[in-house]
Structure formats: structure tokens, C-alpha cells
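Structural data only, the sequence is not supplied:
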Ligand code: NSS
């Protein structure tokens with residue numbers, strides 16, 4: 001039998017196979033030694049005994065340090081006692097590269113050390129589990145929209161304006177002009193939604209977040225649906241169905257990885273529509289009941305979100321925020337001009353906001369007035385205002401930050417482990 005991967009090993013019981021990968025760990029017990037082999041798809045125990053191998057292979061014990069790259073030839077053997085149910089009786093090991101002094105030993109390291117060695121840290125079982133779940137989250141996002149009639153329409157990364165406020169813009173030189181890295185594809189998705197009805201964009205977004213928190217990256221991935229003729233209620237319905245689908249898909253397809261992370265999945269299992277819906281004002285009441293001195297009209301901070309989301313077993317949708325704390329494009333509540341028709345979805349277990357969105361202002365004159373009030377340039381928003389001149393319709397959408405969602409689903413305290421190479425205020429390397 002030729003080259004096989006660890007995750008398909010159960011198909012090869014009793015057969016001779018070749019595995020290509022790395023040595024994760026080893027231990028010796030005299031006449032026999034064990035190596036834990038990994039190839040990216042999984043881990044498997046391999047048994048090296050004098051009776052089954054050539055002398056050269058048997059002597060490799062001292063030569064092979066952690067992360068040595070090796071090709072193992074051996075016979076697959078089902079064994080209930082082996083971790084994973086199978087082991088490989090080694091016949092021969094080809095050494096691709098013998099490694100000594102791998103920096104990330106199998107012990108606890110401090111977070112700064114691990115972040116400095118992120119390029120190697122990625123190989124550890126927990127990080128591998130997180131990245132597999134991230135993959136499934138991203139695929140589930142796409143599958144959900146693709147199977148609900150949405151068209152993927154990409155939006156630009158270089159932009160001439162802010163979408164989510166001017167304080168977190170990354171500026172760059174664009175042939176002598178100022179350009180900014182996109183904070184959100186939304187404004188462009190509003191244009192593609194008028195062309196295609198139901199659209200989504202999915203890409204990296206950038207925010208010069210100057211605060212160092214466990215929920216903020218400067219570069220993160222966002223998936224943003226936008227739908228013509230949707231109002232705020234339609235939007236909330238879409239959000240709860242979408243989030244539920246993503247969570248249930250991970251539960252179905254990534255059981256093993258959630259186990260590696262020791263994730264308590266009992267609360268994730270409850271993530272099914274409908275989600276509780278409360279107004280901003282009701283959320284403020286919750287804060288007050290919990291002894292927090294919060295003034296109506298302010299935006300919620302991370303700590304406030306934790307307290308609010310802790311009251312619910314499922315994600316909670318907060319809607320109708322004070323217009324002052326929300327973006328210029330949000331439609332006002334016809335029943336109260338002070339309120340914007342925005343919605344935030346807070347994940348349970350204190351994870352806080354994973355989704356922000358709402359209904360957009362579709363009236364040309366009102367939107368023009370807002371652009372002025374927010375001190376933005378009418379000139380650069382001319383194209384955006386055009387959308388309100390030519391066939392304007394009510395429309396809504398939202399954005400979910402992939403890393404926030406992954407942190408919650410994986411049960412991670414900090415967002416930095418949810419993306420292969422995190423970018424934060426103090427970190428551009430590796
Ligand atoms: O600012 S948001 O609340 N909303 C928007 O950007 C809208 N323009 C989206 C839309 O309606 N199409 O950001 C949306 C989500 C937010 O809920 C978080 O999950 C995530 O984007 N987000 C972040 N994740 C990681 N790091 C940072 N700094 C960050 N900022 C927002």
C-alpha cells in the first residue's frame with residue numbers, strides 16, 4: 001500500500017502503509033519505543049520494536065527530536081487500547097530531516113513566547129483543532145448563503161472612504177492619493193444587492209483598533225449579507241437562522257476537535273431559532289439590574305456585553321440603538337427618530353458581539369443630510385447616494401466577524417488564536 005493519511009487509517013487494518021509527516025512525541029521502554037506521529041490530518045501512535053524493524057530504524061530513537069520530518073513504513077493494527085483505536089507497527093523510518101531543540105517543547109509556555117513562535121505553534125493539537133473549526137465555520141457561512149439564493153459579490157479592499165467611522169481607518173498611499181483599507185464591504189454590497197437581490201461579500205477587513213482587548217484584531221474576516229426589500233425584522237430572522245446553521249454544522253462535523261478543546265457543547269446545542277430579541281433600552285435595564293452604572297445613550301463596552309449576554313442561554317439580538325452611537329447609513333426608527341434600526345447579536349457565555357447590522361437609510365435627502373451631519377464628504381459618497389436616486393428600496397444586512405464567532409464556538413478566551421497569523425496593535429510578526 002502506498003502513502004495514506006492518518007485520518008483514513010481505519011481503511012487499512014492489517015495492511016502495510018506509508019505515512020508522511022512529523023514526529024510529535026516519543027517515549028522509550030527498553031526493547032520497544034513509541035512515537036506519536038502527526039501528518040496534519042491526525043495523530044497516531046507508532047510502535048518501533050527490535051523484532052519488526054531494521055537496526056538502523058531502531059537506533060533512530062536518540063537521533064529524532066520533536067518535529068523531525070519522517071516517512072514511516074509499517075503495518076496498521078487495530079488496538080482498542082491505542083489512542084484513536086489504531087497503531088502502526090513500524091518496519092522502517094526514512095528521515096527527511098532530523099530536528100533537535102524544537103523551540104516549543106511539550107510543556108507550558110508563556111503567551112508572548114508562543115505568539116513569537118506562531119509559525120510553529122500552529123502545529124500543536126489545540127491550534128490544529130481551532131483552525132479546522134475555523135475552516136468549517138467559513139465553509140458553513142458560504143454554504144448557508146449559497147443554498148439560500150445569495151450571490152457572492154466581492155467588494156474592494158482599497159477604498160476612498162470610511163464605512164464604520166473615521167477613527168479606525170488604515171491609510172495608505174494610492175498613487176499620490178489617500179486610500180483606506182476597507183472596514184466593511186457593506187456600502188458596495190448595497191450596490192450589488194440592487195443588481196442581484198440577495199448578495200454577500202466575504203473578505204478581510206481592517207480596523208486600526210488602538211485598544212488592546214481580547215475581542216479586537218486589526219485584520220479580521222467578515223461575512224456580510226445584504227438583501228433588497230428586507231426590513232429589520234427580516235434581517236434578524238436571517239441572522240438567527242444563519243448563526244444557528246453555522247453552530248449546528250460545527251457540532252456535526254467537528255466533534256473531535258471540540259473534544260480536543262474541551263469545549264462544553266451543551267449550550268452550543270441550544271443554538272436554534274428563535275433567539276431572544278430585546279431593545280437597546282431593555283438591555284440598559286439589564287445592566288442597571290446588575291448594578292452597573294450605565295447611562296442611556298452610550299454604546300456598550302465589552303464588559304457590558306458580557307453582562308447582557310450572560311443573561312441568556314442563546315445568542316441575544318439587541319435592536320434599536322441610540323442613533324448617535326451608530327453609523328451614518330442606518331435608517332431611523334419611524335416611531336422614534338432618536339433610534340436607529342440597527343441590530344447587534346451577542347453570543348452567550350459572555351462572548352459579546354459577533355454580528356452588527358441593520359436596516360439602511362433609503363431616502364436620498366435624509367441620507368445626504370446624515371452624510372453632512374457626520375462630517376463626511378458628499379463628493380466621495382456620490383455613487384452611494386446614486387443608489388437612493390435610481391430605484392431605491394428598503395434594504396438590510398449584517399456582518400459577522402469570523403474570528404469572534406470562532407472564539408465563541410471554540411470557547412477561547414482570546415481572539416488571537418482564531419486566525420493563523422493574528423494582527424493586533426502590537427503585533428505584525430510573524
Ligand atoms: O462594525 S460592525 O458591527 N458592523 C459593520 O461593519 C457593518 N458594516 C456590517 C454590515 O452591516 N454589513 O462589525 C461587524 C462585526 C462585529 O459584530 C464583529 O463580529 C466584527 O465585525 N468585528 C471585529 N472582529 C474582530 N476585531 C475587530 N476589531 C472587529 N470589529 C468588528
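Great, that's in hand. Here the structure is a predicted model, which is why all the values come from computation and not from measurement.

alpha carbons only for contacts and neighbour counts from here, please
Noted.

tell me the helices in the stretch 101-250 of the chain, going along the chain?
Along the stretch 101-250 of the chain, counting by DSSP state H, counting those that start in this stretch, helices occupy 111-116, 118-121, 125-146, 186-196, 232-253.

on contacts alone, who are the packing partners of the fourth one?
Packing partners of helix 186-196 (3 or more C-alpha pairs under 8 Å, 6 or more residues apart in numbering; DSSP states H and E): strand 198-206, strand 219-228.

before we move on, back to that, minimum distance to residue 92: which of the helices of the stretch 101-250 of the chain has it?
helix 125-146 (25.5 Å; C-alpha to C-alpha).

Buried ones in that closest one, by neighbour count?
By 16 or more other C-alpha atoms under 10 Å, the buried positions in helix 125-146 come out as 125-134, 136-138, 140-142, 144-145.

Residue 419 contacts residue 129, correct?
No - counting by C-alpha atoms under 8 Å, residue 419 sits too far from residue 129 to count as a contact (11.8 Å).

of the helices of the stretch 101-250 of the chain, which approaches residue 346 most closely?
Residue 346 lies closest to helix 232-253 among those, at 11.0 Å (C-alpha to C-alpha).

now what about that closest one, what contacts it?
Residues outside helix 232-253 that contact it (C-alpha atoms under 8 Å, 6 or more residues apart in numbering): 133, 136-137, 140-141, 144, 258, 265, 268-269, 271-275, 317, 341-343, 358-359, 396-398, 409.

contacting residues for residue 405?
residue 354.

and the host helix or strand of it with strand 198-206, angle?
Per DSSP states H and E, residue 405 falls inside helix 402-410. Following axes from the mean of the first three to the mean of the last three C-alpha atoms, to 10 degrees, one obtains 90 degrees for the angle between helix 402-410 and strand 198-206.

Please name the bridge partners of residue 399.
Residue 399 has the following beta-bridge partners by DSSP bridges: residue 356.

and it, what does it touch?
Residue 399 touches 222, 223, 224, 225, 355, 356, 357, counting by C-alpha under 8 Å, 6+ apart.

What is the burial count for the residue lying closest to the last one once chain neighbours are set aside?
Right, residue 357. With C-alpha to C-alpha, 6 or more residues apart in numbering as the criterion, residue 357 has its nearest non-adjacent residue at 3.7 Å, and that residue is residue 398. Per other C-alpha atoms under 10 Å, the neighbour tally for residue 398 reads 25.

okay, residue 398: pLDDT?
According to the prediction, residue 398 has pLDDT 98.

Equivalent analysis for residue 82, please.
According to the prediction, residue 82 has pLDDT 84.

now swap in residue 1 and tell me
Residue 1 is assigned a predicted lDDT (pLDDT) of 67.

where does the protein have low pLDDT?
The chain contains residues with pLDDT under 70 at 1.

near the ligand, which residues of the stretch 301-430 of the chain?
Selection of the stretch 301-430 of the chain residues close to the ligand by C-alpha under 6 Å from any ligand atom yields 353, 354, 355, 356, 357, 397, 398, 399, 400, 401, 404.

who's in contact with the fourth one?
Taking C-alpha under 8 Å, 6+ apart, we find residue 356 in contact with 342, 343, 344, 345, 398, 399, 400.

did I read that right, the fourth one in a helix?
No - judged by DSSP: H, G, I helix; E, B strand; the rest coil, residue 345 forms no part of a helix; its state is strand.

Give me the distance between it and residue 240.
Plainly put, residue 345 is 9 Å away from residue 240 if you go by C-alpha to C-alpha, to the nearest Å.

Among the two, which residue is more densely surrounded?
Neighbour count, other C-alpha under 10 Å: between residue 345 and residue 240, residue 345 has more, with 26 against 20.

The nearest residue to the more buried one once chain neighbours are set aside pairs with what?
Ranked by C-alpha to C-alpha, 6+ apart and with sequence neighbours excluded, the top spatial neighbour of residue 345 is residue 317, at 4.5 Å. Beta bridges link residue 317 to residue 277, residue 345 when assigned by DSSP bridges.

thought residue 317 was touching residue 277?
Yes - Residue 317 is within contact range of residue 277, at 4.7 Å (criterion: C-alpha under 8 Å).

quick one, which of the two is more surrounded?
Taking other C-alpha under 10 Å, residue 317 and residue 277 do not tie; residue 317 has more neighbours (24 against 16).

could you measure that one against residue 400, distance?
Residue 317 is 13 Å from residue 400, where distance means C-alpha to C-alpha.

which residues does residue 90 bridge with?
According to DSSP bridges, beta-bridge pairing links residue 90 with residue 74.

Next, the contact list for it, please.
Listed by C-alpha under 8 Å, 6+ apart, the contact partners of residue 90 are 46, 47, 48, 49, 52, 53, 72, 73, 74, 75.

quick revisit: what's the most buried one of the helices and strands packed on helix 186-196?
Comparing those by mean neighbour count (mean count of other C-alpha atoms under 10 Å), strand 219-228 comes out on top with a mean of 24.

on contacts alone, who are the packing partners of that one?
Contacts defined by 3+ C-alpha pairs under 8 Å, 6+ apart place strand 219-228 against helix 186-196, strand 198-206, strand 395-401, helix 402-410.

how big is the angle separating the second one from strand 395-401?
Yep, that's strand 198-206 we're talking about. Put simply, strand 198-206 runs at 40 degrees to strand 395-401, going by the same axes, to 10 degrees.

Name the SS class of the closest residue to residue 422 other than its chain neighbours, please.
Leaving out its chain neighbours, the residue that sits closest to residue 422 by C-alpha to C-alpha, 6+ apart is residue 416, at 5.6 Å. Under three-state DSSP, residue 416 falls in the helix class.

OK, contacts around residue 416?
Residue 416 touches 214, 217, 422, counting by C-alpha under 8 Å, 6+ apart.

Try it again at 10 Å.
115, 213, 214, 215, 216, 217, 403, 404, 407, 422, 423, 424 (C-alpha atoms under 10 Å, 6 or more residues apart in numbering).

all strands of the stretch 301-430 of the chain, in order?
Assigned by DSSP state E, counting those that start in this stretch, the strands in the stretch 301-430 of the chain fall at 316-322, 332-333, 336-347, 352-359, 395-401.

quick one on the thing from earlier: just put the contacts of residue 356 in JSON lines and tack on distance to residue 209.
JSON lines is the format used below for the contacts of residue 356 (distance: C-alpha to C-alpha, whole Å):
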{"residue": "342", "distance to residue 209": "22"}
{"residue": "343", "distance to residue 209": "22"}
{"residue": "344", "distance to residue 209": "19"}
{"residue": "345", "distance to residue 209": "20"}
{"residue": "398", "distance to residue 209": "20"}
{"residue": "399", "distance to residue 209": "17"}
{"residue": "400", "distance to residue 209": "17"}
